[in-house]
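S.K.: here is my input; please provide its structure:
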Amino acid sequence: MDNFEKHIRENAAQFDEHKADRAKLWAQISAQLQEKEKETKVIPLWRSSLLRIAVVIAVIVSVAGFVGLSMFNKNSGEDQYVSKELLEINMHYKDLVAYQVELVKKNPNLSEEDKAEFLSFMDELDTEYETLRLEMQKNLDNERVLEAVVANYKKRIELIQRLLQKINDSKKIEDDYGYTL
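M.R.: Numbering: from 1, shown residues only. Okay, the predicted model is just below:
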């Protein structure tokens, strides 16, 4: 390749004897372009009534779909708010209740009967909570269900507080016997 380039450069004057006529060249290109334009056939689709009907239907379906999606997204936004609120409630109360239940289970001052009764009440409240959670997923009157979930947790805490009060009262009675003369 290098020899070929070298030969062309050395003999450039011999190759430059013919010059291209630019006007003639562009005239031929323009004539060829005009021939191609004449050959192509354009079908005016916008004049067809069938196409107009199809476009109108497509626009109506698009608008209806947009309106439907915007309404659907409104509901899902409320659902996200409710599920976020339910998650916050669960995080706050669930850990508190679980910790106190463990304290009750490990408490040596309670009889096994008291523990069993307490745990049965807690199991009942757990099943009630699961029912409320399923109802919340069905999206039935969310505010009322949220209030019921909070009330359920409050019942649990109240039950634990009563039991702890009972334990504390029994400790006070035992302590009073120690100081009797």
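S.K.: going forward, measure contacts between C-alpha atoms and count neighbours the same way
M.R.: OK.
S.K.: residue contacts, Tyr129?
M.R.: Counting by CA atoms under 8 Å, 6 or more residues apart in numbering, Tyr129 touches 149, 152.
S.K.: element containing it, please.
M.R.: Secondary structure assignment for Tyr129, by DSSP states H and E: helix 112-137.
S.K.: what mean pLDDT does that helix get?
M.R.: For helix 112-137, the mean per-residue pLDDT is 80.
S.K.: and Asn109, helix, strand or coil?
M.R.: Of the three states, Asn109 takes coil under DSSP: H, G, I helix; E, B strand; the rest coil.
S.K.: chain neighbours aside, what residue packs nearest to it?
M.R.: Excluding the flanking residues, the one nearest Asn109 by CA to CA, 6 or more residues apart in numbering is Ile167, at 7.1 Å.
S.K.: what is the neighbour count of that neighbour?
M.R.: 15 (other CA atoms under 10 Å).
S.K.: find me the pLDDT at it, would you?
M.R.: pLDDT, Ile167: 74.
S.K.: from what I can see it touches Asn107, true?
M.R.: No: contact criterion CA atoms under 8 Å: Ile167 and Asn107 do not qualify, at 9.2 Å.
S.K.: thinking again about what came up before, so which strand or helix has the residue nearest to Asn109?
M.R.: Judged by DSSP H and E, Ile167 forms part of helix 142-178.
S.K.: show the average pLDDT along the helix or strand that contains Ile60.
M.R.: Assessed by DSSP H and E, Ile60 sits inside helix 49-106. The average pLDDT within helix 49-106 is 75.
S.K.: which strands and helices sit next to it?
M.R.: If contacts are counted by 3 or more CA pairs under 8 Å, 6 or more residues apart in numbering; DSSP states H and E, helix 49-106 sits against helix 142-178.
S.K.: and the helix it packs on, what does it pack onto?
M.R.: Checking 3+ CA pairs under 8 Å, 6+ apart, helix 142-178 ends up next to helix 49-106, helix 112-137.
S.K.: pull out the buried positions in that helix.
M.R.: Buried residues in helix 142-178, defined by neighbour count with 16 or more other CA atoms under 10 Å: 142, 145-146, 148-150, 152-153, 156-157, 160, 163-164.
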